[in-house]
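1. coordinates only, sequence not included:
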């Protein structure tokens, strides 16, 4: 069997690698997305006070610290069975949605978007944020920088810090919002709505009006029928901060809608020997590995999951885009992996509209933001929809609120089997016997996982440069047959082998 | 003058340090004007072989963030030491082991086992990932093994500068980069991008000399704004923590957790904190002081939230930091 390694794809707290195996006839048989990192948070959270969880678990990810901070705070509320004041919820929701909007903007312009805006087979050296700037103009580029800055400003105003916020405590938030801060938040909210709308207009103009890109989005290389899962409110609209989990199957039928505290009845995680990351699946369908033959146990969450498992959006502009989304694809659910990008912008618009709405909520500056817990701590589960998918924190404490057991399932983990499936599908379509691998082909394999905005595509990508990539082909005996490397400057280089 | 060659590598970290470097926003363009990014894993091509091929000392200044958790981290740390003229421990994990260093409170075997025995894990026959795992064709997957303990970068190789914080403060980062570009770094080894005093010196909350008779946890009271948290009974690491952050957490009325590491010449943040706690307790009786301090829940995790791996406690476990545990 011939092995092809794409190493490193980009990094996930270390780095990840894709190994493809070609069968006798030269077609891709198997794909492995290998994650080599384990930090062991679940163990060392044991013994820590539960009120420290929002800050300790924030250190799981410095790209999406708000997600862990918020999920942990909600789980800690549940541990103490404390209802937070309305005003505290307004602040938390505002903070969370501003984070979602900013994070999605980063992905669209710096990480995933360049493939579309600049083009999937544009010279690699241009397929980055600088290429985006050249294509869309400096004026928009400065708006993107402003969007990122303002997202972090919200984090600083409400969370106390731009990275790793500290404001959420069991029972509410640490400090009320001042009138001056509220005024600034209203400005930011209005800006975010404008920015999100403009981004959707750009997507429309650059991708949807381009027949070739549209064909790419619709191609078999990026199509997988899976189940979908979302955090939704009581009207089945995506709600990143709170709600129930709704699961729909590949036909869009509701499979189950469960309370977040019941996740163990519905979700399990398989262990594979070749990766430190576990593989979650829907329990009722059982674990069947990752293949394109049986995939209903595999769920997709994140923006595409949110839209597919919802009945509509919470806000009017996002709702209009939602309708256009399904009209364009001609039905629901949408199984095209690259539709994640569009769905992400729609989710960004809803988040921006919610920031705008919450910034104008009179309760924002209320000083009633804390409810000191009095209950006996015991067990709590907190769930949010993170930018990269559902996030679950589960703590069991002793009677003093000291964590005895912790369980964390993060967004990229929920998506892991689906990402692997999408890579396999793309590789099967793109790698053909006797056809020499080209750089655009390599990039098109990468696009299959980049659509998910997995944590290994973190925001450091924003620097000029291309994601590193090397593809090597080995013979059965391990001899390097040949390969190609894409350098940081985008140039291509043949490497090694080729002797036979 | 030829351009500076800079590098940034993330070992066992969270990516927050990488983001903090991007937080200098428009200054990034200034950086690129005077420096080439020799590598930054997510931003430039990054192959171990490429780094190995560089002449020793080729990289002028290399930032390393994240703790040393596995054999891959150890390997890269040594490689980068050889290839870099100046090596900077960037952020609390690299400097002190950081939050991942809390894993040293437990035997590494338990740390690995727990990850694969959580209630949602489906591993009926005790399946585990393995550093010796092979693919169906028999080739090695090449998973790195987990080290016996978490260590700081300085435990593995000589470090020239330490830039503390979780993550480092943006303004301080920019100052350090300017110092690098103008050749004005202090003599090594040194702590850069931080103050020489404690967080209390920058904190806006006022100390009135109030003594306390018991400690409370942060969620148990609504802290009064404007007043020192420690004097309200909340354990705040400010007195034992190096300045540099500007007192951001206490400004939000949340206690300092010590991410800038020990203040002044102290090497053990927890020991310094226990001494500081003694001065705020309303008693001269040593037995009473000891009893009051013993009420602090989770002293190890509180006093060493970011520095356990380099503390007296952490070192006691570190018989051989490079001992590997193959699962």
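-> Arrived safely. What you are looking at is a predicted structure, and each value in this text was computed from that prediction instead of being measured.

2. only C-alpha atoms from now on, for both contacts and neighbour counts.
-> Noted.

3. doesn't residue A:186 lie inside a helix?
-> Yes. Counting by DSSP: H, G, I helix; E, B strand; the rest coil, residue A:186 is found in a helix.

4. could you check the pLDDT of it?
-> Residue A:186 carries a pLDDT value of 98.

5. would you check that it makes contact with residue A:359?
-> Yes. With contact defined as C-alpha atoms under 8 Å, residue A:186 counts as touching residue A:359 (5.0 Å).

6. higher neighbour count, those two?
-> residue A:359 (26 against 18; other C-alpha atoms under 10 Å in any protein chain shown).

7. now do the buried residues in stretch A:215-229.
-> In terms of neighbour count (16 or more other C-alpha atoms under 10 Å in any protein chain shown), stretch A:215-229 has its buried residues at A:216-218, A:221-229.

8. how about residues contacting the one helix or strand residue B:113 maps to?
-> Residue B:113 belongs to helix B:108-115 when assigned by DSSP states H and E. The contact list for helix B:108-115 (C-alpha atoms under 8 Å, 6 or more residues apart in numbering or on different chains) reads A:40-44, B:103, B:147-149, B:325, B:327.

9. buried members of those residues into ChimeraX, please.
-> Typed into ChimeraX, the line below selects the buried ones among the contacts of helix B:108-115, using 16+ other C-alpha under 10 Å:
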select /A:40,41,42,43,44 /B:103,147,148,149,325
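
10. and which of the contacts of helix B:108-115 is nearest to residue B:95?
-> Within those, the smallest distance to residue B:95 is 15.1 Å, found for residue B:149 (C-alpha to C-alpha).

11. sorry, back to before: give me the next element, helix or strand, following the helix holding residue B:113.
-> strand B:121-122.

12. indicate whether that following strand makes contact with chain A.
-> Yes. Strand B:121-122 is in contact with chain A by C-alpha under 8 Å from any C-alpha of the partner chain, via B:121-122.

13. pairing partners for that strand, with directions?
-> strand A:267-270 (parallel) (DSSP bridges).

14. now do the strand it pairs with: distance to the chain's middle.
-> 19 Å (C-alpha atoms, centre = their mean, to the nearest Å).

15. can you name every helix or strand that the helix or strand that it is followed by contacts?
-> Next helix or strand after strand A:267-270 toward the C-terminus (DSSP H and E): strand A:279-282. Where contact means 3 or more C-alpha pairs under 8 Å, 6 or more residues apart in numbering or on different chains; DSSP states H and E, strand A:279-282 is packed against strand A:267-270, helix A:411-430.

16. what residue ranges in the stretch 1-150 of chain B score low on pLDDT?
-> Applying pLDDT under 70 to the stretch 1-150 of chain B flags the ranges B:1, B:41-49.

17. all strands of it, in order?
-> B:4-10, B:35-39, B:59-65, B:68-70, B:84-90, B:121-122, B:146-151 (DSSP state E, counting those that start in this stretch).

18. please work out which of these is packed deepest.
-> Among those, strand B:68-70 has the highest mean neighbour count (mean count of other C-alpha atoms under 10 Å in any protein chain shown), at a mean of 30.

19. weakest of the helices and strands packed on strand A:279-282 by average pLDDT?
-> Among these, helix A:411-430 scores lowest, at a mean of 89.

20. which parts of that one are buried?
-> Across helix A:411-430, burial judged by 16+ other C-alpha under 10 Å covers A:411-430.

21. one step back: of all the strands of the stretch 1-150 of chain B, which lies closest to residue A:306?
-> Of those, nearest to residue A:306 by C-alpha to C-alpha is strand B:121-122, at 24.4 Å.

22. what about residue A:234, how many neighbours?
-> Residue A:234 has 9 nearby residues by other C-alpha under 10 Å.

23. residues contacting it?
-> A:243-244.

24. what about it, which SS state?
-> Per three-state DSSP, residue A:234 ends up coil.

25. could you check how far residue B:52 is from residue B:59?
-> Applying C-alpha to C-alpha, to the nearest Å, the value for residue B:52 to residue B:59 is 12 Å.

26. check residue A:357 too.
-> In terms of C-alpha to C-alpha, residue A:357 sits 49 Å off from residue B:59.

27. cool, thanks, signing off.
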